[in-house]
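Chemist: Generate a structure from the sequence data that follows.
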Amino acid sequence: NKTEDQVLLPVSEPLRTEQEIVALKKEESKLAEKLMKDFPDSDDSLVIMGNLCYRHGNVIEALKFWNKALNINPKQANVHKSIALSSMKKGKFPDAVAHFRKALEIQPQLRDVYSNIGHTLLLFCRPNEAIEELEKEIQISPNSGFAYFLLGQAYLQQKEYKKAKEYYEAAIKIDPEYTNAYYGPASVCAKLGNRDKAKEYSEIFKALKAEERKSLKGRKIRYDDFVETQKSAAITYINVGQM
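Modeler: Coordinates of the predicted model:
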């Protein structure tokens, strides 16, 4: 369900040609290359080029530029975070955690990092450590529904169902349309013997899922690479402008 990779467009909107996509990518690359030429010893230039490569799907080249940037300036918290996220996608969880922690050493208040560490620890069934990280995330981002949801998952792993229910419900309170968060309390309420409440949460979960399907029904879902390329180019122009 890679919904982040899909763009919903009106049926009448034509897809751009491959030539238009290639041309825009070349324009973006040309801008980043000019920046590299004008500022060859700048870690910021290398980061921008690395980010561009990553958005274009060239992870190997992205890592080369990011590591070069870190050699010049090791205090790039966002670069460590980017490398960590890349490692997570590859399933290299220990490497991901190591880079997340380096990012936090540089910028302790960096958002979502503790959540990602906590998520990784849960995958290794280490709920105690995950809880410590997720509580730190809540201190930084008290409205992070995802952090509360993961805390529910952590306490569920520990079979502390009352606490799990508390955190699942906190996630729902922050985001009432957080569909997956309703599945958690439905499960723990059943384990706690509260069948009526379990049924209530289960019905809400099913209703939200049905609504999601309904919103997609009859619409033409298409992946328009030109839209994503526009977004990428805009980010590059913004970063170059800031530099």
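Chemist: got the residue ranges for the strands in the protein?
Modeler: 7-8, 221-222 (DSSP state E).
Chemist: tell me the average confidence for the first one?
Modeler: Per-residue pLDDT values across strand 7-8 average out to 50.
Chemist: now the last one
Modeler: This predicted structure assigns strand 221-222 an average pLDDT of 44.
Chemist: Any regions of this structure where pLDDT drops low?
Modeler: Scanning the chain for pLDDT under 70 picks out 1-16, 215-224.
Chemist: Show me what stretch 57-65 is in contact with.
Modeler: 46-47, 49-51, 53-54, 82-83, 86 (C-beta atoms under 8 Å, 6 or more residues apart in numbering). C-betas here are computed from N, CA, C, even on glycine.
Chemist: Flag every buried residue along that stretch.
Modeler: 62-63, 65 (16 or more other C-beta atoms under 10 Å).
Chemist: before we move on, what about stretch 68-78?
Modeler: Buried residues in stretch 68-78 (16+ other C-beta under 10 Å): 69-70, 76-77.
Chemist: can you check stretch 236-243 too?
Modeler: For stretch 236-243, by 16+ other C-beta under 10 Å, it's 236, 239-240.
Chemist: residues contacting Glu28?
Modeler: Counted by C-beta under 8 Å, 6+ apart, Glu28 has contacts 52, 229, 232-233, 236-237.
Chemist: same question, Leu151
Modeler: By C-beta under 8 Å, 6+ apart, the neighbours of Leu151 are 118, 131, 134-135, 138, 167, 170.
Chemist: Tell me where this protein has helices.
Modeler: 18-38, 43-55, 59-72, 77-89, 93-106, 113-123, 127-140, 145-157, 161-174, 179-191, 195-216, 225-242 (DSSP state H).
Chemist: on contacts alone, who are the packing partners of the fourth one?
Modeler: Think helix 77-89. Judged by 3 or more C-beta pairs under 8 Å, 6 or more residues apart in numbering; DSSP states H and E, helix 77-89 is in contact with helix 43-55, helix 59-72, helix 93-106, helix 113-123.
Chemist: And the shortest one, by the same measure?
Modeler: Where contact means 3+ C-beta pairs under 8 Å, 6+ apart, helix 113-123 is packed against helix 77-89, helix 93-106, helix 127-140, helix 145-157.
Chemist: ranking the ones you listed by burial, who's on top?
Modeler: Comparing the helices and strands packed on helix 113-123 by mean neighbour count (mean count of other C-beta atoms under 10 Å), helix 145-157 comes out on top with a mean of 24.
Chemist: what's the offset of it from the middle of its chain?
Modeler: Centre-to-centre, helix 145-157 and its host chain are 16 Å apart (C-alpha atoms, centre = their mean, to the nearest Å).
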